[in-house]
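**Student:** Got a sequence here, can you build the structure:
(2 chains)
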Protein chains: 2
Amino acid sequence: MLDQTLPDQIQQVLDAVKLRDSVTEVYFVACGGSYALMMPNQYLMDREAKAIAGFAVNSAEFTTRAPRRLGKSSVVVLCSHSGTTPETVLAAQTARAAGALTIALTHVPDSPLDVASEHVIYYDHDPMTMSPQHSAAVVFRLSFGILATREGNATAIEFDRALSEIGVIVAEVTAGHREKAVAFAAAHKREPVIYTMASGTSYGVAYSYAICIFQEMLWIHSAAINSGEYFHGPFEITDFDTPFLILLGLGNSRTMDERAVAFARKFSQRTTILDAQEFGLNRFNARIADYLAPLVFTPLLRMYAERLADAKGHPLTTRRYMWKMAY
Amino acid sequence: MLDQTLPDQIQQVLDAVKLRDSVTEVYFVACGGSYALMMPNQYLMDREAKAIAGFAVNSAEFTTRAPRRLGKSSVVVLCSHSGTTPETVLAAQTARAAGALTIALTHVPDSPLDVASEHVIYYDHDPMTMSPQHSAAVVFRLSFGILATREGNATAIEFDRALSEIGVIVAEVTAGHREKAVAFAAAHKREPVIYTMASGTSYGVAYSYAICIFQEMLWIHSAAINSGEYFHGPFEITDFDTPFLILLGLGNSRTMDERAVAFARKFSQRTTILDAQEFGLNRFNARIADYLAPLVFTPLLRMYAERLADAKGHPLTTRRYMWKMAY
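**Tutor:** Below you'll find the predicted structure:
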């Protein structure tokens, strides 16, 4: 409900989650950049849930495969910034018709996704900052809230407390990278291909950057490589002139990233490493810090995108097809 | 056991699956090309399982995130061709220590993965053909077998019957594409970037082709685009000279692929479309045909890779790092 505060909207959703007879799985369903911010929530459910399964899945894949388990014991979290993404609206309708509890995140009240979903949360948006009200943070809050409600997971409160500091942390980290972003942009403005790499909670950020920033907004060829997959194929593409933008995350998966960084640095002269260890998140418990890392990487990387757009003379708002024609 | 036939090995595994008090989820765990052939099995579990959850996950991601649900009710299917992939061996050890039922597929008896896993299946291998004994087919047989054993799914028998014809189908389809593969190779031998695209059961083939054939074996930049994600970022990279290799699958997800094909064809002059509708799989029930499609695409695409390797004068066996150094 638009007249409610965001905490009230979340609480209303969790009350509905509580009223369900059972919750056996949560589907996190969206497309593109919204899908990317769902990805660490499957990780979160894997890592934290005693019995509930979590699946991050593209909206069209969700609807066409029509999971057989989908039903009254399912919670389906959907996200579309404009609320108009047809595949996500259809996914909400499909899930709701199957008896699942549908929870939509959107920036636009009364949008088709708002209308199609039983519960709606309206988030804040500013790609250069982060807050507990941003979409990526709201989905984490929902995931922890669902686990608190259904399984007594105690991390939700601690996560919310840490999250209240995220805006200040991001402002500090971003300020510290200002000159590095300008240097990155100058050095990469004529690159036809730039790979991104990450793992664990931050893989979604690397994916989003590859498909939404490099391919969509800057028309640079890209692919997001999972650090755990790098040595099983992709690393052979590495050469002295192959550019990699690598996110060194926190948590257990950091060892995978470190191994990939060591190799990429040895054989490529074009690596850019952003290290979450320098974000000052070690004041929090390691498990919490692991979820905060992608929330810092996202706006930090946006600054790198803005500077690269400046250097290329190609604004991030430029499109040749999106929103310009039927497809 | 090496002295058993493959059907006996599978039956022994399914007997063990039957003896478990409960099975709540199946993890499909591997790296690179072996991980790619696990992907359609998550799709299969989504589509066919009444209550069992399925997760395809990279071995290092599996071990480092340490799923909290992992335990006596979990089945973990692992695959490593050489049986030496350290991350997959560690994943098997982790899963077994947690009480999960571990089932390994490998080509090499007495390999570390064989030793680490409770049950082992030794598959046949020849990348230019397909048979019920190939790894990708064996994992499907396991998935259907697990669902038959635990949930009374009746599709297993029908799938096995259809699978017995796969070798002949592949030989026919491959023969029909021989000249097309030569033409593709001549036209693409100097491309620095070639994208692959697919969805549903065939996405794993597109992923495998991007990372194992293009990046690893031919040093061509690539990314596997999910057809459902194409319009949410990646399609902006499309231009008259952007090469796409697109797999038109069967089943419900075909509509996603068709939409992507229509757009890519309109704005790129470099699209190559392989259509599963031409594989003669319509003699089978549509649900079965959907699982057979990737088993045909894999050897068919291998022929395209062989011809491209010839045209480039760059054998598929060439590596600069893999197996040549410690990493």
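**Student:** quick one: secondary structure of the residue nearest in space to the middle of chain A?
**Tutor:** Nearest residue to the geometric centre of chain A (Cα atoms, centre = their mean): residue A:37, 1.9 Å. The three-state label given to residue A:37 by DSSP: H, G, I helix; E, B strand; the rest coil is helix.
**Student:** all strands for chain A, in order.
**Tutor:** Counting by DSSP state E, residue ranges of the strands within chain A are A:25-30, A:53-58, A:74-80, A:101-106, A:119-122, A:195-198, A:224-226, A:244-248, A:271-275.
**Student:** who's in contact with the closest residue to chain B within the stretch 201-327 of chain A?
**Tutor:** Nearest to chain B in the stretch 201-327 of chain A, going by Cβ to the nearest Cβ, is residue A:232, at a distance of 2.7 Å. All C-beta atoms are positioned from the backbone trio N, CA, C, and that covers glycine. Residues counted as contacts of residue A:232 (Cβ atoms under 8 Å, 6 or more residues apart in numbering or on different chains) are B:31, B:32, B:33, B:35, B:85, B:211, B:212.
**Student:** 6 Å instead, please
**Tutor:** B:31, B:32 (Cβ atoms under 6 Å, 6 or more residues apart in numbering or on different chains).
**Student:** likewise residue A:228?
**Tutor:** By Cβ under 6 Å, 6+ apart, the neighbours of residue A:228 are A:199, A:256, B:58, B:60, B:61.
**Student:** mind running it again at 8 Å?
**Tutor:** A:199, A:253, A:256, B:31, B:58, B:59, B:60, B:61, B:64, B:87.
**Student:** Throw the residues you listed into a markdown table and include pLDDT, thanks.
**Tutor:** What follows is these, written out as a markdown table (pLDDT from 0 to 100):
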| residue | pLDDT |
| --- | --- |
| A:199 | 98 |
| A:253 | 93 |
| A:256 | 96 |
| B:31 | 98 |
| B:58 | 98 |
| B:59 | 98 |
| B:60 | 98 |
| B:61 | 98 |
| B:64 | 96 |
| B:87 | 98 |
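**Student:** is it possible to export those to a markdown table including neighbour count?
**Tutor:** As requested, these are exported to a markdown table (neighbours: other Cβ atoms under 10 Å in any protein chain shown):
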| residue | neighbour count |
| --- | --- |
| A:199 | 30 |
| A:253 | 25 |
| A:256 | 26 |
| B:31 | 28 |
| B:58 | 26 |
| B:59 | 28 |
| B:60 | 30 |
| B:61 | 26 |
| B:64 | 23 |
| B:87 | 24 |
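**Student:** Determine which two of those residues are furthest apart.
**Tutor:** A:253 and B:31 (14.3 Å; Cβ to Cβ).
**Student:** hmm, back to that, out of the strands of chain A, flag the one nearest chain B.
**Tutor:** Nearest to chain B among those is strand A:53-58 (4.1 Å), distances taken as Cβ to the nearest Cβ.
**Student:** what's that closest one packed up against?
**Tutor:** strand A:25-30, helix A:32-48, strand B:53-58 (3 or more Cβ pairs under 8 Å, 6 or more residues apart in numbering or on different chains; DSSP states H and E).
**Student:** ok, residue A:162 to chain B distance?
**Tutor:** 20 Å (Cβ to the nearest Cβ, to the nearest Å).
**Student:** mind checking pLDDT for that residue?
**Tutor:** Residue A:162 is assigned a pLDDT of 97 by the prediction.
**Student:** Surely residue A:120 touches residue A:9?
**Tutor:** Yes - using Cβ atoms under 8 Å, residue A:120 is in contact with residue A:9, at 7.4 Å.
**Student:** the more surrounded of the two?
**Tutor:** Under the criterion of other Cβ atoms under 10 Å in any protein chain shown, the comparison of residue A:120 against residue A:9 puts residue A:120 first, with 25 against 21.
**Student:** Pull the contacting residues for the more buried one.
**Tutor:** Here residue A:120 is in contact with A:1, A:9, A:103, A:104, A:105, A:106, A:109, A:113, A:114 (Cβ under 8 Å, 6+ apart).
**Student:** Which of the contacts of residue A:228 fall within helices?
**Tutor:** Under the assignment DSSP state H, the contacts of residue A:228 contribute A:256, B:59, B:60, B:61, B:64, B:87 to helices.
**Student:** Please name the spatially closest residue to the first one (chain neighbours excluded).
**Tutor:** Excluding its sequence neighbours, the residue lying closest to residue A:256 (Cβ to Cβ, 6 or more residues apart in numbering or on different chains) is residue A:227, at 4.3 Å.
**Student:** Same check on the third one?
**Tutor:** Taking Cβ to Cβ, 6+ apart as the measure, residue B:60 lies nearest to residue A:228, with 3.4 Å between them; neighbours along the chain are not counted.
**Student:** hmm, back to that, among the helices and strands packed on strand A:53-58, which comes closest to residue B:73?
**Tutor:** strand B:53-58 (10.5 Å).
**Student:** List the pairing partners of that closest one within its sheet, with orientation.
**Tutor:** Under the criterion DSSP bridges, strand B:53-58 sits next to strand B:25-30 (parallel) in its sheet.
**Student:** Rounded mean pLDDT for the strand it pairs with, please.
**Tutor:** 98.
**Student:** Give the closest residue to the residue of chain A positioned farthest from its centre in space, chain neighbours not counted.
**Tutor:** Most distant from the centre of chain A: residue A:240, at 30.3 Å, with distances by Cα atoms, centre = their mean. Of all residues not flanking residue A:240 in the chain, residue A:269 sits nearest, at 5.1 Å (Cβ to Cβ, 6+ apart).
**Student:** now do residue A:26
**Tutor:** residue A:75 (4.6 Å).
**Student:** what sits against that neighbour?
**Tutor:** Contacts of residue A:75 by Cβ under 8 Å, 6+ apart are A:17, A:20, A:23, A:25, A:26, A:27, A:100, A:101, A:103, A:146.
**Student:** Narrow these to just the buried residues.
**Tutor:** Applying 16 or more other Cβ atoms under 10 Å in any protein chain shown to the contacts of residue A:75, the neighbour count classes A:17, A:20, A:23, A:25, A:26, A:27, A:100, A:101, A:103, A:146 as buried.
**Student:** Touching, residue A:203 and residue A:39? I think so.
**Tutor:** Yes - applying Cβ under 8 Å, one finds residue A:203 in contact with residue A:39, separated by 6.1 Å.
**Student:** can I have stretch A:12-22 written out in PDB, keeping just the CAs?
**Tutor:** Presented in PDB, the C-alpha positions along stretch A:12-22 are these (Å, rounded to 0.1, in the frame of the first residue of the first chain):
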ATOM      1  CA  GLN A  12       2.500  -6.600   6.200                       C
ATOM      2  CA  VAL A  13       4.200  -9.000   3.800                       C
ATOM      3  CA  LEU A  14       5.800 -10.900   6.700                       C
ATOM      4  CA  ASP A  15       2.400 -11.200   8.500                       C
ATOM      5  CA  ALA A  16       1.000 -12.800   5.300                       C
ATOM      6  CA  VAL A  17       4.000 -15.200   5.200                       C
ATOM      7  CA  LYS A  18       3.400 -16.100   8.800                       C
ATOM      8  CA  LEU A  19      -0.300 -16.900   8.100                       C
ATOM      9  CA  ARG A  20       0.600 -19.500   5.400                       C
ATOM     10  CA  ASP A  21       0.100 -23.100   6.600                       C
ATOM     11  CA  SER A  22       3.600 -24.000   5.200                       C
END
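**Student:** circling back: tell me which of the helices and strands packed on strand A:53-58 sits nearest to residue A:320.
**Tutor:** Of all those, it is helix A:32-48 that lies closest to residue A:320, at 16.3 Å by Cβ to Cβ.
**Student:** Between strand A:25-30 and the closest one, find me the angle.
**Tutor:** For helix A:32-48 against strand A:25-30, the angle by axes from the mean of the first three to the mean of the last three Cα atoms, to 10 degrees is 160 degrees.
**Student:** Stretch A:239-248: end-to-end distance?
**Tutor:** For stretch A:239-248, the first and last residues are 20 Å from each other (Cα to Cα, to the nearest Å).
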